[in-house]
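# Provide a 3D model corresponding to the input given below.
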Amino acid sequence: MRALSRDGKWLATGSYKIARLWHVATGKEIRAFLGHYAFVSSVILSNDGKWLITGSDKTARLWDVATGKEVQCVQGHSQPITSMSLSGDGKWLVTAGQDNTARLWDTATGKEIRVLKHTRGVHSVSLSGNAKWLVTGGGDTRLWEMATGKEIRTFRGHDRHVNSVLLSTDGKWLVTGGFDWTARLWEVSTARSSVLSPVILPPLSIPCPCSEPAIG
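Numbers count the residues shown, from 1 in each chain. This is a model prediction of the structure:
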């Protein structure tokens, strides 16, 4: 798992028990963040670049990028965290888990604000730019109003589990990817979708060195 800073200068990556921060231009590792006891499945860099959030095991942890110190740890999931989404102002964090829930957290206090329940594991979450809307993807895909926790709409079209969701900043468009080998673009207000067709590039013609005639 990886995340790029807004200015493109920093890259955060997650691996077994550890997250790392890299300087993109030089490829130099700047800092390592230790605290999880399982694979770090999700990483987020805040828009201002001050905070790194990592999701793993059953916890999400907020780190001070400048010092590498853990500032906050939120826990409430009974199964591993699979995905996270952070509001643009950094005040709200949403986590998804294999325990069939998505959870809303106050990043300043670490307090759990709301639990949104699915019938199956939640693989992906995405907040709109103003944090008014949340989309969750798993056994199905759902739109939620964050202020009330009310489920607004279900998006049906994939034949199998949805493993990736991305909501546009203005909340008008949604892209989903599923285990049925399709990606779909949805108009959020109507729940109408179209399948996105992949662009297939022609194969490159690269001479094989072993086929070149011998010299001498």
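# ok, residues contacting the lengthiest strand in the chain?
What stands out as the longest strand in the chain, according to DSSP state E, is strand 10-23. The contact list for strand 10-23 (CB atoms under 8 Å, 6 or more residues apart in numbering) reads 1-5, 9, 24, 28-34, 36-45, 49, 52, 54, 56, 63, 65. In short, each C-beta sits where N, CA and C put it, glycine included.
# Which segments of the chain make up each domain?
1-75, 76-197 (automatic domain parsing).
# Let's have those in TSV, adding mean pLDDT and mean neighbour count.
Below are the domains of the chain laid out as TSV (pLDDT from 0 to 100; neighbours: other CB atoms under 10 Å):
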stretch	mean pLDDT	mean neighbour count
domain 1-75	94	17
domain 76-197	93	18
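# Gly137 contacts Arg160, correct?
No - Gly137 lies out of contact with Arg160 (CB atoms under 8 Å); the separation is 11.6 Å.
# Distance check, the closest residue to Ser56 other than its chain neighbours against Ala60.
Excluding its sequence neighbours, the residue lying closest to Ser56 (CB to CB, 6 or more residues apart in numbering) is His36, at 3.8 Å. Relative to Ala60, His36 is positioned 10 Å away (CB to CB, to the nearest Å).
# what does Leu116 give?
On the measure of CB to CB, Leu116 and Ala60 end up 15 Å apart.
# Ala131 too?
Distance from Ala131 to Ala60, counting by CB to CB: 16 Å.
# Kindly report the same for Val188.
Counting by CB to CB, the gap from Val188 to Ala60 is 26 Å.
# for Trp186, same thing?
27 Å.
# cool, Ser126 as well?
Distance from Ser126 to Ala60, counting by CB to CB: 16 Å.
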